[in-house]
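1. Kindly return the folded structure for what I paste below:
(one chain, ligands or ions: 2)
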Amino acid sequence: MSAPAARPDGSKVVLCPACGTVSKDLGPGPGGRPSALCRHCGSLERHRFLALAAAAFRAAAGPGLLLDVAPSRQLSSLLRTVANGAYVAIDFDPAADGRLVDVQASLTDIPLPDRSVAMIVCSHVLEHVPDDRRAMHEMARVLVPDGLLLVLIPWRAGPTDEDPSATESERLRRFGQADHVRYYGDDFEDRLRDAGLEPTVMQPHQVIAPDVLEVTGIAPDEKLWLCRRSGSQILDMGTLAETVGRQATSQLVEALRQVVAREPEPEPPREPGPAPTPESTAHSMYRRLRRTRLGRQSAALLRPLRRGR
Ligand SMILES: C[S@@+](CC[C@H](N)C(=O)[O-])C[C@H]1O[C@@H](n2cnc3c(N)ncnc32)[C@H](O)[C@@H]1O
Ligand SMILES: [Zn+2]
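-> Ligands and ions are numbered 1, 2, ... in the order given. Here you go, the predicted model:
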């Protein structure tokens, strides 16, 4: 888990990439997990990671329909934007958490044709689904050959713990929530492969600069499974990782700029001089950002602006 960045005075501050607001800290998440929840939009670590990385994943998935399973309110409008309108959200219980669902449907019976979806976001759903193997098959069925499925689940090392006969209180104790039907472990990737998917794990610390993780409160080790249909072109993880990292940094710099724009500092009186060039504008932006609290904490992020690069 990533603690919010420390201010020079020892207190904390965080910039949430899901809603663009700055907070002094993050609130407790599910189960009382500390430093997890954006107090403005309710985003958790995974939502903030996806908010920074979604555009890069979309580029890797290619154009075409984006299927958002159990859309989270913190991310669905951003995903709609990166999908350029080609977006559909499903949940079998649209009332759950006030989700904005386009079609009421189960992941085990997706009402879409074979090979019709370029990108699927399936975050913290499979642990709720009794027939998860069927849900995985369905996602493999609707994906286009070089499309991309993003899966997040609660995961721990060791065997998967699963018991359809477990009572609610037992589920809470063994699986962490009363509406979870299992706790996934080491065989998770085998289940994906059995369903015709080829998974690769990505963790935020492998792709996103430590500065960015710290300022955004993203858990460095949370696993994200990127899957293609078996038989597709192998995902170029080197290029994808590089793109995610670069876009995450530039998105955060842009968010910092917006923070500065919302709370402008008085500009020092300007000497008459030569017209600003892109380089001098970037350099003065760098100086302005450095004067903000977040800017001071994110010096490494802002380095490319220093000399107007
Ligand atoms: C923990 S929420 C996930 C929310 C969101 N994706 C996120 O990452 O925050 C789980 C959601 O999965 C939905 N769900 C459970 N089983 C499903 C199924 N078979 N088909 C579609 N949605 C399902 C539930 O209705 C609930 O909205
Ligand atoms: Zn937020």
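2. can we go C-alpha only for contacts and neighbour counts from here?
-> Noted.
3. How about the closest residue to ligand 1 within the chain, nearest residue that isn't a chain neighbour?
-> Residue of the chain nearest ligand 1, by C-alpha to the nearest ligand atom: Ser106 (3.4 Å). Distances taken as C-alpha to C-alpha, 6 or more residues apart in numbering put Phe92 closest to Ser106, at 4.7 Å, once the chain neighbours are dropped.
4. For Ser116, see how far away the one you found is.
-> Distance of Phe92 to Ser116, computed by C-alpha to C-alpha, to the nearest Å: 20 Å.
5. Tell me the confidence at Pro304?
-> pLDDT, Pro304: 62.
6. How about the one 5 residues further on?
-> Confidence at Arg309, expressed as pLDDT, is 48.
7. With Val142 instead?
-> Per-residue pLDDT puts Val142 at 98.
8. likewise Pro210?
-> As summarised for this prediction, Pro210 has a pLDDT of 88.
9. Next: Gln258.
-> Turning to Gln258, the model gives it a pLDDT of 81.
10. The helix or strand where it lies close to ligand 2?
-> For Gln258, the host element (DSSP states H and E) is helix 237-262. No. Figure legend: helix 237-262 not in contact with ligand 2 (C-alpha under 5 Å from the ion); closest approach 11.9 Å.
11. How is the protein partitioned into domains?
-> The chain is divided into the following domains under automatic domain parsing: 5-242, 248-306.
12. how about stretch 109-128 as PDB, C-alpha atoms only?
-> C-alpha atoms of stretch 109-128 as PDB (Å, rounded to 0.1, in the frame of the first residue of the first chain):
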ATOM      1  CA  ASP A 109     -24.100 -14.700 -20.300                       C
ATOM      2  CA  ILE A 110     -22.900 -11.600 -22.100                       C
ATOM      3  CA  PRO A 111     -25.500 -10.400 -24.600                       C
ATOM      4  CA  LEU A 112     -22.900  -9.600 -27.300                       C
ATOM      5  CA  PRO A 113     -21.700 -11.500 -30.400                       C
ATOM      6  CA  ASP A 114     -18.400 -13.400 -30.600                       C
ATOM      7  CA  ARG A 115     -15.300 -11.300 -31.200                       C
ATOM      8  CA  SER A 116     -17.200  -8.000 -30.800                       C
ATOM      9  CA  VAL A 117     -15.300  -6.300 -27.900                       C
ATOM     10  CA  ALA A 118     -11.800  -4.600 -28.100                       C
ATOM     11  CA  MET A 119     -11.400  -4.000 -24.400                       C
ATOM     12  CA  ILE A 120     -13.000  -5.400 -21.200                       C
ATOM     13  CA  VAL A 121     -12.600  -3.900 -17.700                       C
ATOM     14  CA  CYS A 122     -13.500  -6.500 -15.100                       C
ATOM     15  CA  SER A 123     -12.500  -5.100 -11.700                       C
ATOM     16  CA  HIS A 124     -13.400  -6.900  -8.500                       C
ATOM     17  CA  VAL A 125     -16.300  -8.900 -10.000                       C
ATOM     18  CA  LEU A 126     -15.100 -12.500 -10.500                       C
ATOM     19  CA  GLU A 127     -14.800 -13.200  -6.800                       C
ATOM     20  CA  HIS A 128     -18.600 -12.600  -6.700                       C
END
